[in-house]
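S.K.: With the sequence up front, the predicted model follows.
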Amino acid sequence: MKIIIIGSVAAGTSVAAKARRNDENAEIILYNADYDISYSICGIPYFLGGEVDELETLTPRSAEWFKVRYNVDIHTRHEVTTIDPDKKSVTVKNLDTNETKEDHYDTLVFATGATPITPKIVGVDMDHVFHVRNIQNTAAINNFMGTNNPKKVTIIGAGFIGLEMAEQLTLKGLEVTIVQRSNQIMPHLDKDMAFRVEEHLRDSGVDLLLNEEASKISEQTVETKNGKVIDTDMVILATGVKPNTKLAEKIGIELGASGAIKVNSRMQTNLSDIYAVGDVAESFSIITGKPIYRPLGSTANKMGRIAGDVITGGDLEHRGILGTGILRVFNLAVGYTGLSEKEALDEGFDTEVLHNIKPARAEYLGGKELVIKAIADRKTSRILGVQIVGEDGVDKRIDVFVTAISFKAKAEDLFHLDLAYAPPFSTTKDPVMYTGMALQNAIDKKNRLITPQELTDKIENGEKFQIIDTRATKQYEVSNVDGAINIPLAELRSEGKKLNPNLPTVTYCNKGVTGNAAQNVLTNMGFKEVFNLSGGNKNYQSFKKGNK
């Protein structure tokens with residue numbers, strides 16, 4: 001059997017490695033138009049920022065290494081230009097010599113990856129404008145900074161790469177401006193969580209411009225459609241990627257709804273003996289079963305292993321993804337998995353939403369605050385998605401939630417997890433467990449929740465509420481929810497008798513715990529409808545600032 005793989009970064013090399021492990025006799029050939037193989041795109045910002053000393057660190061595997069280790073022939077600087085699926089042949093061009101040859105396959109794998117999107121901006125092709133995608137343009141950026149010593153950089157786009165570059169170049173001493181055409185950073189976060197990261201960016205020295213779209217780049221400036229002029233010495237394009245499907249489309253390979261190649265759970269395309277993996281291929285959601293496109297190295301490796309196994313007679317199948325992501329933005333970690341609140345509503349779920357603000361570990365040992373937003377389905381209690389922002393313990397919790405959602409956990413299941421506890425690592429009631437408890441109580445209508453957005457919308461629609469601030473008077477005087485009256489918890493049993501038990505009531509404290517206790521008091525006093533404000537006053541004030 002002869003396997004030809006087009007592309008040799010994460011997905012392509014994973015196909016080759018797994019196929020060789022399964023079949024020592026297969027002939028495996030990879031053609032790659034680039035100079036390098038198996039490099040870490042995700043590590044590029046950290047080299048440019050100086051956290052990674054040598055660029056070669058990001059290219060740990062060479063073609064020679066693969067030949068020795070796996071007996072796989074990798075040809076760099078070789079581009080597959082045409083494919084004849086009837087003859088099972090490919091035409092390959094040597095980009096260094098311009099020579100072409102024909103090769104034949106039994107099985108063909110597309111691992112052609114994705115290409116950075118170049119926005120239609122006047123001047124986008126100037127020498128000081130760069131994408132962040134491969135080792136060559138990384139070297140070009142590094143050489144430009146070393147030669148020209150830029151002081152100001154404009155980053156267009158506020159996704160993963162844009163934010164990581166903003167962090168690294170700010171820490172390197174450059175003045176960084178981010179231009180983002182939408183009203184928030186990180187499109188897979190809900191706005192109430194994205195705002196927390198936006199504040200932190202600005203506090204860290206980044207000039208973040210939302211609702212601005214770059215229209216013209218000159219040698220020293222970037223202009224926006226709204227007329228803003230930004231002084232700059234260098235421009236980084238971080239406007240996303242699109243799958244490299246052109247070659248596949250020419251031979252009739254079907255694309256999915258996302259624009260990437262449509263594959264089944266065994267990574268097979270609609271054409272016989274042709275597979276697709278990695279950033280060129282479409283995945284599907286574990287929750288909805290619908291196609292999604294999230295180009296990440298972790299997914300690419302997984303897809304590659306599955307294809308390599310299937311091609312050589314194995315029975316692995318792709319089980320889908322949750323679209324999990326995590327990144328560091330200065331002192332914050334930002335993680336998310338599953339559906340956002342907006343996505344869940346768009347999918348037709350009746351959502352229960354909790355904002356849980358808790359320390360990642362014992363505060364007396366330096367535990368920092370986590371803000372966890374969790375979304376569940378009221379009908380089934382199934383966890384649909386989680387977003388976390390914090391300085392400490394985000395990665396640990398997001399991975400627990402990923403595991404739980406992958407196995408279709410319900411809110412109540414989270415409380416029963418036997419999580420590791422000791423004060424340096426967690427709290428006795430871990431934030432994951434508390435998230436499950438609070439969500440389940442809300443779903444069972446024992447302790448109903450209301451988000452700041454829901455409360456604001458209801459009031460604007462004319463609904464009447466009694467809003468009770470249960471904190472100390474000094475805290476109330478510093479900041480409070482609009483329209484709230486102050487009744488500290490210790491006085492609530494007596495003062496609550498003066499309230500209208502038939503009027504919908506909202507209780508809150510600073511983060512949610514005392515508000516929950518007050519909710520129980522009023523419910524036991526016979527109040528008909530009592531809600532606890534999700535995330536308390538702290539979450540409300542953040543919401544209010546983010547919606548100005």
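M.R.: Looks like it came in fine.

S.K.: in this structure, which residue is closest to the centre?
M.R.: Gly325 (3.3 Å; C-alpha atoms, centre = their mean).

S.K.: distance of the closest residue to Glu212 other than its chain neighbours from Asp231?
M.R.: Of all residues not flanking Glu212 in the chain, Thr224 sits nearest, at 4.5 Å (C-beta to C-beta, 6 or more residues apart in numbering). Heads up, the C-betas are built off the backbone N, CA and C, glycines and all. Thr224 sits 13 Å away from Asp231, going by C-beta to C-beta, to the nearest Å.

S.K.: Compare neighbour counts for the two and give me the winner.
M.R.: Neighbour count, other C-beta atoms under 10 Å: between Thr224 and Asp231, Thr224 has more, with 18 against 12.

S.K.: Is the more buried one in contact with Asn211, as I believe?
M.R.: No - counting by C-beta atoms under 8 Å, Thr224 sits too far from Asn211 to count as a contact (9.5 Å).

S.K.: tell me which element Val371 falls in.
M.R.: strand 369-377 (DSSP states H and E).

S.K.: Alpha carbons of that strand, in PDB - could you do that?
M.R.: Only the C-alpha atoms of strand 369-377 are listed here, as PDB (Å, rounded to 0.1, in the frame of the first residue of the first chain):
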ATOM      1  CA  GLU A 369     -10.300  34.700  42.000                       C
ATOM      2  CA  LEU A 370     -11.900  32.600  39.200                       C
ATOM      3  CA  VAL A 371     -14.900  33.900  37.300                       C
ATOM      4  CA  ILE A 372     -16.800  30.900  35.900                       C
ATOM      5  CA  LYS A 373     -19.700  31.300  33.600                       C
ATOM      6  CA  ALA A 374     -21.600  28.000  33.100                       C
ATOM      7  CA  ILE A 375     -24.500  27.300  30.800                       C
ATOM      8  CA  ALA A 376     -26.800  24.300  31.200                       C
ATOM      9  CA  ASP A 377     -30.000  23.000  29.600                       C
END
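
S.K.: Show me what the helix or strand just after that strand is packed against.
M.R.: Sequence-wise, the next helix or strand downstream of strand 369-377 (DSSP H and E) is strand 383-390. The contact analysis (3 or more C-beta pairs under 8 Å, 6 or more residues apart in numbering; DSSP states H and E) places strand 383-390 against helix 191-203, strand 332-338, helix 341-346, strand 369-377, helix 394-406.

S.K.: Tell me which of those lies nearest to His318.
M.R.: Evaluated over those, closeness to His318 peaks at helix 394-406, with 12.9 Å, by C-beta to C-beta.

S.K.: relative to strand 332-338, how tilted is the closest one?
M.R.: Orientation check (axes from the mean of the first three to the mean of the last three C-alpha atoms, to 10 degrees): helix 394-406 against strand 332-338 gives 0 degrees.

S.K.: Show me what counts as buried in helix 394-406.
M.R.: By neighbour count on 16 or more other C-beta atoms under 10 Å, the buried set for helix 394-406 is 394, 396-398, 400-402, 404-406.

S.K.: Need the contact partners of it.
M.R.: 286-287, 319, 322, 324, 326, 333-338, 360, 370, 372, 374, 383-386, 388, 413-414, 417, 419, 430-432 (C-beta atoms under 8 Å, 6 or more residues apart in numbering).

S.K.: ok and it relative to strand 383-390, angle-wise?
M.R.: Going by the same axes, to 10 degrees, helix 394-406 makes 180 degrees with strand 383-390.

S.K.: Quick one: list the elements packing against the next helix or strand along the chain from helix 394-406.
M.R.: As assigned by DSSP H and E, the chain's next helix or strand after helix 394-406 is helix 411-415. Contact analysis of helix 411-415 by 3+ C-beta pairs under 8 Å, 6+ apart lists helix 431-443 as its packing neighbours.

S.K.: Tell me which other helices or strands the helix it packs on touches.
M.R.: Counting by 3+ C-beta pairs under 8 Å, 6+ apart, helix 431-443 packs on strand 351-359, strand 369-377, helix 394-406, helix 411-415, strand 448-450.

S.K.: let's see 10 Å
M.R.: strand 351-359, strand 369-377, strand 383-390, helix 394-406, helix 411-415, strand 448-450, helix 513-524, strand 530-533 (3 or more C-beta pairs under 10 Å, 6 or more residues apart in numbering; DSSP states H and E).

S.K.: Ramachandran angles for the residue lying closest to Gly252 once chain neighbours are set aside?
M.R.: Excluding the flanking residues, the one nearest Gly252 by C-beta to C-beta, 6+ apart is Leu271, at 6.7 Å. Torsion angles at Leu271 (phi, psi; degrees, to the nearest 10) stand at phi -100, psi 140.

S.K.: can I get the helices and strands packed on helix 431-443 in a markdown table with mean pLDDT?
M.R.: Converted to a markdown table, these look like this (pLDDT from 0 to 100):
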| stretch | mean pLDDT |
| --- | --- |
| strand 351-359 | 96 |
| strand 369-377 | 97 |
| strand 383-390 | 98 |
| helix 394-406 | 98 |
| helix 411-415 | 97 |
| strand 448-450 | 95 |
| helix 513-524 | 95 |
| strand 530-533 | 96 |
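
S.K.: Just the helices from the stretch 1-150 of the chain, written as ranges.
M.R.: Remark: helices assigned in the stretch 1-150 of the chain by DSSP state H, counting those that start in this stretch are 10-22, 44-48, 63-70, 135-148.

S.K.: on that earlier part again, now distance to Gly123 too, for the buried residues of helix 394-406, in TSV please.
M.R.: Listed next are these as TSV, based on distance: C-beta to C-beta, whole Å:
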residue	distance to Gly123
Val394	38
Lys396	44
Arg397	44
Ile398	39
Val400	47
Phe401	43
Val402	42
Ala404	48
Ile405	44
Ser406	45
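
S.K.: show me what contacts the residue nearest to Glu212?
M.R.: 156, 179, 181, 209, 211-216, 230 (C-beta atoms under 10 Å, 6 or more residues apart in numbering).

S.K.: Tell me the one among the residues you listed nearest to Tyr540.
M.R.: Using C-beta to C-beta, the contacts of Thr224 come closest to Tyr540 at Asn211, 23.7 Å.
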